[in-house]
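> What follows is a predicted protein model with its sequence.
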Amino acid sequence: MDKTLSSLSQAVAPIGDGATVMIGGFGGSGSPIELIHALIDAGPKNLTVINNNAGNGHVGLAAMIEQGLVAKLICSFPRSADPKVFTDLYLAGKIELELVPQGTLAERIRAGGAGIPAFYTPAGYGTDLAEGKPVAEFDGRFYVQERWLKADFALIKAQAGDPLGNLTYRMAARNFSPLMAMAATHTVAQVSRIVPAGGIDPEHVVTPGIFVDRVVAVAQPAQEEMLNREGAVYP
Amino acid sequence: MSGTLDTIKLTNAQIAWRAAQDIEDGAYVNLGIGFPEMIAAFQPEGRDVIYHTENGVLGFGEAPAAGEEDWDLINAGKKAITLKPGAAFFHHADSFAMVRGGHLDLAVLGAFQVAENGDLANWSTGKGGVPAVGGAMDLVHGARRVAVVTDHVTKTGEPKLLKRCTMPLTGVGCVTRVYTSLAVIDIDGGHFVLREKLPALSLDELQAVTGADLKIDGSVHDLTVPAL
């Protein structure tokens, strides 16, 4: 078994118009910038994107939105240091937003990957974000029913990957990626280094390869924060 | 009256200092983005507090020196952090399991409004723009204590402590204690219970800038803080 690919364009080639795409990262930490930029180059339209945020500046997810790939965003916090791209489109009614509490977003994705179609959470009960959702009482407290979230594709960033798709992550760049890898039909991971099978101690595997379909090496991945400090714009 | 209040009220740093005094040794704590983050700077010596951040770190420390940032190592406010010995990384579902699962001792948040029944409004003024909630709606459920740090009144002098919130709610019946620029107030049995107030302020004066009844249960202590 060899899940490694040699090019980013090959890795994103299966993503077509109208696809639902989960993208790992919390702000710039864990954002698979190179995969996102390869997707911008490929140019599918009308995508639904699931990420915690809505991009920052004019690179990565913000560039993807600016270049017109995204019809709908599912996220918890569409604000950032430079949120102009999303803000302008949203206020002009040109992009749809589904706002989800952060923990609910994480659990919906986890549930999607774990085969749990719905669950109950206290988060959001009695608030505008629970409107229209079923409510139930358990042991004297009220909870809101939330549905699983799945995707056609996940684009994530990891540290080491092997040909079987086993992954490790770097510090807080892990965030949503292990959940998204489970919840997508086809998961692509960009990794800082590809190691041979056995190169990751089984005790240290964070995402087991069964959740990963393609691994592509990006040896020196860009950091969104650094690109924004340089005023970078993609493309 | 508001002129007087402005001269005697606590600064944000002093409110943060007061909140920090109640965090016990060994506590697991989540500090909300912005004002609540200041509390970490006033942690009393000799107490070990383990800070949690939603994006998957337990046991983080101060910001690194400028130029030493590693942008894979940030907090929920997207600011660079450092690690203390014994820190741990985990994914987002585990992070919010810590939150909702009752594993945190304390969560501290800011507020637009707090109601006497414990309702909190802190995520949206309801006036349009781009809505953003982040982890606030999750954080208010599950921590053993959910505290708020806030000015006692708005910039225009309106009470922020009310019978019922008028802004969109973050959570229902979730706040247990409020540290304001004038007082320390518990929420118990659907009421504001006054625990401490600035000594320069009479009970009537405090009640006049509070939008719901202040109950007294036992003695009311002086709220005294150092000049910071």
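All right, it came through fine. Residues are numbered from 1 along each chain as shown, chains lettered A, B, ... in the order given.

> Low-confidence ranges, chain B, go.
Applying pLDDT under 70 to the predicted model, the residue ranges of chain B that meet it are B:1-3.

> at 50 instead, please
Regions of chain B meeting the criterion pLDDT under 50 cover residues B:1-2.

> What residues does it have near chain A?
Taking C-beta under 8 Å from any C-beta of the partner chain as the test, the list of chain B residues beside chain A reads B:53-57, B:69-74, B:78, B:89-93, B:95-96, B:99-100, B:119, B:124, B:129-138, B:141-142, B:168-172. Yep, even glycine has a C-beta here, placed from its N, CA and C like the rest.

> could you redo the last one with a cut-off of 6 Å?
Applying the criterion C-beta under 6 Å from any C-beta of the partner chain, the portion of chain B that neighbours chain A consists of B:55-57, B:71-74, B:78, B:89, B:91-93, B:96, B:99, B:130-135, B:137-138, B:141, B:168-169, B:172.

> Buried residues of the lengthiest strand in chain B, list them for me.
With DSSP state E setting the assignment, residue counts place strand B:214-222 as the longest strand in chain B. Applying a neighbour-count criterion of 16 or more other C-beta atoms under 10 Å in any protein chain shown, the buried positions in strand B:214-222 are B:214, B:220.

> Counting by contacts, list what it packs against.
Where contact means 3 or more C-beta pairs under 6 Å, 6 or more residues apart in numbering or on different chains; DSSP states H and E, strand B:214-222 is packed against strand B:191-197.

> Can you tell me which of the residues of chain B next to chain A are classed as buried?
Among the residues of chain B next to chain A, the ones that count as buried by 16+ other C-beta under 10 Å are B:55-57, B:71-74, B:78, B:89, B:91-93, B:96, B:99, B:131-135, B:137-138, B:141, B:168-169, B:172.

> Next step: those restricted to helices.
In helices, judged by DSSP state H, the following of those are found: B:92, B:93, B:96, B:99, B:137, B:138.

> Tabulate those (CSV), appending distance to residue A:55.
Converted to CSV, these look like this (distance: C-beta to C-beta, whole Å):
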residue, distance to residue A:55
B:92, 18
B:93, 23
B:96, 23
B:99, 25
B:137, 22
B:138, 22
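
> Pairing partners for the longest strand of chain B, with directions?
The partner list of strand B:214-222 in its sheet, established with DSSP bridges, is strand B:191-197 (parallel).

> Alpha carbons of the partner strand, as PDB, please.
Taking only C-alpha atoms (Å, rounded to 0.1, in the frame of the first residue of the first chain), the coordinates of strand B:191-197 have been written out as PDB:
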ATOM      1  CA  HIS B 191     -30.800  36.200  42.500                       C
ATOM      2  CA  PHE B 192     -27.700  38.500  42.700                       C
ATOM      3  CA  VAL B 193     -26.200  38.000  46.100                       C
ATOM      4  CA  LEU B 194     -23.700  40.700  47.100                       C
ATOM      5  CA  ARG B 195     -20.500  39.400  48.600                       C
ATOM      6  CA  GLU B 196     -18.100  42.400  48.400                       C
ATOM      7  CA  LYS B 197     -18.400  46.100  47.400                       C
END
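
> which residues in chain B form helices?
Assigned by DSSP H, chain B shows helices spanning B:2-8, B:12-21, B:92-100, B:136-139, B:203-208.

> now do chain A
For chain A, the helices defined by DSSP H cover A:8-12, A:33-42, A:60-66, A:84-91, A:102-114, A:177-183, A:224-229.

> quick revisit: identify the farthest-apart pair in the ones in helices among the buried ones among the residues of chain B next to chain A.
B:93 and B:137 (16.0 Å; C-beta to C-beta).

> Just list the residues touching residue A:233, thanks.
Contacts for residue A:233 (C-beta atoms under 6 Å, 6 or more residues apart in numbering or on different chains) come out as residue A:58.

> per-residue confidence for it?
Looking at residue A:233, its pLDDT is 98.

> Write out the residues of chain A neighbouring chain B.
By the criterion of C-beta under 6 Å from any C-beta, the positions of chain A lying close to chain B are A:26-29, A:76-79, A:87, A:90, A:99, A:101-103, A:106-107, A:110, A:122-124, A:126-128, A:170-176, A:178-179, A:223, A:225.
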